[in-house]
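J.: Everything below, folded, please.
(chains A and B, ligands or ions: 2)
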Amino acid sequence: MDYFTLVIAAIFVNNIVLAQYLGNCPFIGTSKESGVAIGMGLAVVFVATMAAAITWCVQRFLLVPLDLAYLQTITFILVIASLVQFVEMFLKKVVPPLYKSLGIFLPLITTNCAVLGIAIICQREEYTLLETIVFSIASGAGFLLALVVLASIRERLDLARVPTCLRGTPLALIMAGLMSLAFFAFKGMAS
Amino acid sequence: MILTSVLVLLGIGFSAAAILAMASRLLYVYEDPRIAEVESVLAGANCGGCGFPGCAAAAQGVVSGRAGATVCVIGGDEVAANVAAIMGLSFSSMEKQIAFVDCTGGIRAEEIYDYAGVSDCRAQDLLYGGNKMCPEGCLGHGTCVTACQFGAIEMGPHGYPVVDPALCTACGACAQVCPRGVITIWGMTARLAHLNEITDCLAPCRQRCPGQINIPRYIEQTSRGDFAGALETIRERIPMPLTIGRVCPYPCESACRRTHVDAPVGINMVKRYVADWEMNSGQHLPIPCAPETGRRVAVVGGGPAGLSCAFFLRRLGHSPTIFESMPKLGGQLRYGIPEYRLPKAVLDWEIEGILGLGIDVVHGKTFGTDFDLESLKAEGFEAVFLGIGAWMNMTLRIEGEDAKGVETGTEFLTKVGLNMDPGVGRKVVVIGGGNTAIDTARTSVRLGAEVTLMYRRTKGEMPANIEEIIGAEEEGVKYLFLAAPTRIVSDESGHVTHVEYIRMELGEPDESGRRSPVPVEGSAALIEADTVYTAIGQKPELSCLYDEEGNCQLKQTRWRTLDAHPVTLQTALPHVFTGGDMHTGPGIVITALGEGRKAARSIHQYLTDGAPHYSAKVQRDLIPYTMFTHVPDVGYRKRSTVPHLIGCDERVCTFKEIEGALSSEEAKHEACRCLRCGLTCYNRDLPARECSEEGCVSRS
Ligand code: SF4
Ligand code: SF4
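T.: Ligands and ions are numbered 1, 2, ... in the order given. Next up is the predicted model:
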């Protein structure tokens, strides 16, 4: 598989939020300020990559041999939740500065469907371990991109005259929709 | 199949749990249990008002010492007390802070841009530097209103924010978003300790007042009939409104913008009115003080500077003790200013109010003789304020000056103040042109003397207040201008009989632009006198600072005053501060009161932060662009005049107070003449229609 196409597809064509509609709650919730958005985006890249790699192993060495592929979702949730907990503990002990800078974002990711989605897509597309890692980094980057763009737009919207009923989340959802339409322009560049 | 599934899931679950359990042992990081405890007593709103990203972070902040017990902005006293209990801190009531909007300019300030596309103060500020002429004032888009999570701030009718003190939690969100710094979170301590900064909304009068009183604010409160509020505003800067209302030469009025329309606002008359209102009510209004800190400060000198310093130290929570060598407090106010200008009863009443806050006084002890800096330290005083005034008189340096009957004006006034016989003669010559000279002359008139006042320059150059000069003339004081004494002539018994003087004329202007007087050759003449009072200036008596070996750890200026930092008033010894005449040389009362507060502020910072500090933006001179030369769209309104309590003929034989106070109508009228200026804006006369809409009846 051509890794370049894989990356372009993951970031732009099949963007995890704007084309796959996964991870909408953190997308709206943490896109009020670009600083926060960048923090959250980076945390997702980190966790999604680790989660995809581990779930790849679980799938390949446990579920498939035992013919239990239908337990994929529940197993992955279990694995991801424990992983996040573990990562949190590990960072707190070993790299406290990184732990501090990730702050509240790590626990937020425990229940992030974008991370679960990335892990499952990797299985569905039957990627190799390397492809899984590349794909999850790229998908995380796609999430980061979408988040930062929306946050920047929302920061500017704060300064505009907006009817009160549309302020905040409603307008953010409209913007997300428009961004999603814009990302459709990438359709066909890769698949 | 089902069995395998269940086993696999359980297996994964158990392995995950086992790994996590092991990890939690291996990767265990000690966390202070108090963090959880503190978090459990916080309000739990995660509002972020405290500046931390949530209550958990705030709890960590408290335990790590980055925040205090009062961290939770919405929890109030109860939460703060609980946090303090967990942390083992003592907690006495939290000082109420609220957002304070200084700018009242709003729509009055001229607009230079009106770009409708942007309705956010920050954007407007970034794009255009704001849409108002004033470089500091409120932009009026109300970004602060949106920032407040507590609904405590809203846009008032004039387009500037109004804070509801009952709802405000002092979270500071509004202050953070305001690009102009119009909003400040203030508690009483911060307000008392604030020095004027060039970015504050400073009306010209406020810039000129040596006491830094917020003049427009108390005048506005007076116009609304809120006299207690007006007094509170005044007392945030000076403790003696009754005295200042009587003796101040009101430098502020010379800067008043209204001068360019008709006459300056009678600022001091308004102050006197509200101060008298309190005294006439017979009760001192309560004055809030911060909780006691138990830190002891010695205040040497019970004159205006010392009283002011002690007053503000007390209000900031410290325990000052005033040391005074004279039998009563007041300094020059009591012993230098005659009864007819400042009745002793009024002064006593005012001092009683100040001491009522809980200030100790030690009488009859002289600094340098009975005690010194070392002994004060040994007694447990952590800081010292030196404010012993300027009591040493300058001499004329002419022949015969030591003749009997030649005395200084201050000695004479002190004797009168102490009810001693001053020994005034029938023909008195007073030498000098300042307020002391006039006070001496007018007091002598009241004691039955014929008085001539000799001054080396012209009447227009006399430093005394013009009202005083005219008042003295009305009472029969004769003036001898452009004359300088050259010799005192005395009889065989050594008693003065005449003063020999020489005529002066004004020479070429010097560098300062002033034409200094030069003697006219051959114009010497004699004037008969049996008493001569000199009042040509005073300086501080600094010998008390020297020890027996003649050493002094403090420094002097070249004007023989005590040297100190111009803003913090800290001397060469870090725990010693000074202020008033001892620092500036003879000055006016309001300057001494202002310096007293500045010193108290520095002492407070010295005791709490380790060293006094100040912002680089402190205002020292008048801000040029705020000094208008004409003030359009304001109509003429007559200035009130202060009534005279007693007629001219009666005045010369009594020490009763001369100047009366305004009536309440007149005081309100005078208050309504105020333009409520900001830096570049002021209240114009609104067109009649707008006026009625705004309900500003009092202005029409
Ligand atoms: S935003 Fe301002 S007005 Fe509102 S509660 Fe906080 S400090 Fe008070
Ligand atoms: S008009 Fe009022 S606010 Fe303006 S300078 Fe005069 S006294 Fe001060």
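
J.: Break chain B down into its domains, please.
T.: B:33-94, B:296-391+B:556-609, B:392-539 (automatic domain parsing).

J.: winner for burial among the ones you listed?
T.: domain B:296-391+B:556-609 (a mean of 22; mean count of other C-beta atoms under 10 Å in any protein chain shown). The way it works is simple: take the backbone N, C-alpha and C, and place the C-beta from them, glycine included.

J.: average pLDDT for the longest strand anywhere in chain B?
T.: The longest strand of chain B (DSSP state E) is strand B:496-509. Across strand B:496-509, pLDDT averages out at 88.

J.: Can you tell me which helices and strands that strand packs against?
T.: Strand B:496-509 sits against strand B:483-490, strand B:515-519, strand B:525-528, strand B:531-534, with contacts defined as 3 or more C-beta pairs under 8 Å, 6 or more residues apart in numbering or on different chains; DSSP states H and E.

J.: Swap in 7 Å and give it another go.
T.: strand B:483-490, strand B:515-519, strand B:525-528 (3 or more C-beta pairs under 7 Å, 6 or more residues apart in numbering or on different chains; DSSP states H and E).

J.: For ligand 2, find the nearest of those strands.
T.: strand B:515-519 (31.3 Å; C-beta to the nearest ligand atom).

J.: near chain A, which residues of chain B show up?
T.: B:4-5, B:8-9, B:12-13, B:16, B:19-20, B:23-24, B:27, B:29, B:53, B:118-120, B:123 (C-beta under 7 Å from any C-beta of the partner chain).

J.: which ones are touching the residue of chain A found nearest ligand 2?
T.: Using C-beta to the nearest ligand atom, the single residue of chain A nearest to ligand 2 is A:Leu159, 34.0 Å away. A:Leu159 makes contact with B:Val118, B:Asp120, B:Ala123 under the criterion C-beta atoms under 7 Å, 6 or more residues apart in numbering or on different chains.

J.: Could you check how many residues crowd around the last one?
T.: Residues contacting B:Ala123 under the criterion other C-beta atoms under 10 Å in any protein chain shown number 20.

J.: Next, the contact list for it, please.
T.: For B:Ala123, the contact set (C-beta under 7 Å, 6+ apart) comprises A:Leu159.

J.: Can you tell me which of the contacts of A:Leu159 comes closest to B:Glu379?
T.: Set against B:Glu379, the nearest of the contacts of A:Leu159 by C-beta to C-beta is B:Asp120 (58.1 Å).

J.: Compute the distance between the closest one and B:Gly409, please.
T.: Going from B:Asp120 to B:Gly409 by C-beta to C-beta, to the nearest Å gives 63 Å.

J.: and what of B:Ala441?
T.: 9 Å.

J.: Setting aside sequence neighbours, what's the nearest residue to whichever residue of chain A sits closest to ligand 1?
T.: For chain A and ligand 1, the shortest gap (C-beta to the nearest ligand atom) falls at A:Asp158, measuring 16.0 Å. Of all residues not flanking A:Asp158 in the chain, B:Asp120 sits nearest, at 7.1 Å (C-beta to C-beta, 6 or more residues apart in numbering or on different chains).

J.: Contact partners for that neighbour?
T.: For B:Asp120, counting by C-beta under 7 Å, 6+ apart, the contacting residues are A:Leu159, B:His141, B:Thr143.

J.: same deal with B:Met394?
T.: B:Ile536, B:Gly537, B:Gln538, B:Lys539.

J.: Report the beta-bridge partners for the last one.
T.: Think B:Lys539. B:Met392 (DSSP bridges).

J.: just to revisit the earlier point, tell me how many other residues surround the residue of chain A closest to ligand 1.
T.: 18.

J.: Now it. Its backbone dihedrals?
T.: phi -60, psi -30 (degrees, to the nearest 10).

J.: What's the per-residue pLDDT of it here?
T.: Looking at A:Asp158, the pLDDT reads 75.

J.: So which bits of the stretch 201-350 of chain B are right by ligand 2?
T.: Neighbours of ligand 2 within the stretch 201-350 of chain B, by C-beta under 6 Å from any ligand atom: B:Ala203, B:Pro204, B:Cys205, B:Ile215, B:Pro216, B:Ile219, B:Cys256, B:Arg257, B:Arg258, B:Val265, B:Ile267.

J.: Wait, the fourth one touches B:Ala203, no?
T.: Yes - the pair B:Ile215 / B:Ala203 is scored as a contact, 6.3 Å apart, by C-beta atoms under 7 Å.

J.: Compare neighbour counts for those two and give me the winner.
T.: Set B:Ile215 next to B:Ala203 and count neighbours by other C-beta under 10 Å: B:Ile215 wins out with 32 against 27.

J.: if we can go back for a sec, narrow the residues of chain B next to chain A to just the buried residues.
T.: B:Ser5, B:Val8, B:Ile12, B:Ala16, B:Leu20, B:Ala23, B:Leu27, B:Val118, B:Ser119, B:Asp120, B:Ala123 (16 or more other C-beta atoms under 10 Å in any protein chain shown).

J.: Which residues are in contact with the second one?
T.: Taking C-beta under 7 Å, 6+ apart, we find B:Val8 in contact with A:Leu62, A:Leu66, A:Leu68, A:Leu71.

J.: For these, which single residue is the most surrounded?
T.: That'd be A:Leu71 among these, by other C-beta under 10 Å, with 20 neighbours.

J.: Using the three-state scheme, assign it.
T.: helix (DSSP: H, G, I helix; E, B strand; the rest coil).

J.: Which residues are in contact with it?
T.: Applying C-beta under 7 Å, 6+ apart, the residues contacting A:Leu71 are A:Leu63, B:Ser5, B:Val8, B:Leu9.

J.: Can you pull the phi/psi pair for the last one?
T.: This means B:Leu9. phi -60, psi -50.

J.: ditto for the second one
T.: When read as degrees, to the nearest 10, the backbone of B:Ser5 gives phi -60, psi -50.

J.: how much space between it and B:Gly159?
T.: Taking C-beta to C-beta as the measure, B:Ser5 falls 69 Å from B:Gly159.

J.: now B:Gly75, nearest residue through space, not along the chain?
T.: Per C-beta to C-beta, 6+ apart, closest to B:Gly75 is B:Ala43, 4.5 Å.

J.: Kindly report the same for B:Tyr28.
T.: Going by C-beta to C-beta, 6+ apart, B:Tyr28 has A:Lys93 as its nearest residue, at 7.5 Å.

J.: The one you found sits in which helix or strand?
T.: helix A:72-94 (DSSP states H and E).

J.: how about that helix as PDB, C-alpha atoms only?
T.: Written as PDB, here are the backbone C-alpha positions of helix A:72-94 (Å, rounded to 0.1, in the frame of the first residue of the first chain):
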ATOM      1  CA  GLN A  72     -14.200  -6.900  18.700                       C
ATOM      2  CA  THR A  73     -16.100  -3.800  19.900                       C
ATOM      3  CA  ILE A  74     -16.400  -4.700  23.500                       C
ATOM      4  CA  THR A  75     -12.900  -6.000  23.700                       C
ATOM      5  CA  PHE A  76     -11.500  -2.900  22.100                       C
ATOM      6  CA  ILE A  77     -13.400  -0.600  24.500                       C
ATOM      7  CA  LEU A  78     -12.000  -2.600  27.400                       C
ATOM      8  CA  VAL A  79      -8.500  -2.400  26.100                       C
ATOM      9  CA  ILE A  80      -8.600   1.300  25.200                       C
ATOM     10  CA  ALA A  81     -10.100   2.300  28.600                       C
ATOM     11  CA  SER A  82      -7.400   0.300  30.400                       C
ATOM     12  CA  LEU A  83      -4.800   1.600  28.100                       C
ATOM     13  CA  VAL A  84      -5.700   5.200  28.800                       C
ATOM     14  CA  GLN A  85      -5.700   4.600  32.500                       C
ATOM     15  CA  PHE A  86      -2.300   3.000  32.200                       C
ATOM     16  CA  VAL A  87      -0.900   5.700  30.000                       C
ATOM     17  CA  GLU A  88      -2.100   8.300  32.500                       C
ATOM     18  CA  MET A  89      -0.400   6.500  35.400                       C
ATOM     19  CA  PHE A  90       2.800   6.000  33.400                       C
ATOM     20  CA  LEU A  91       3.100   9.600  32.300                       C
ATOM     21  CA  LYS A  92       2.300  10.900  35.700                       C
ATOM     22  CA  LYS A  93       5.200   8.900  37.100                       C
ATOM     23  CA  VAL A  94       7.700   9.100  34.300                       C
END
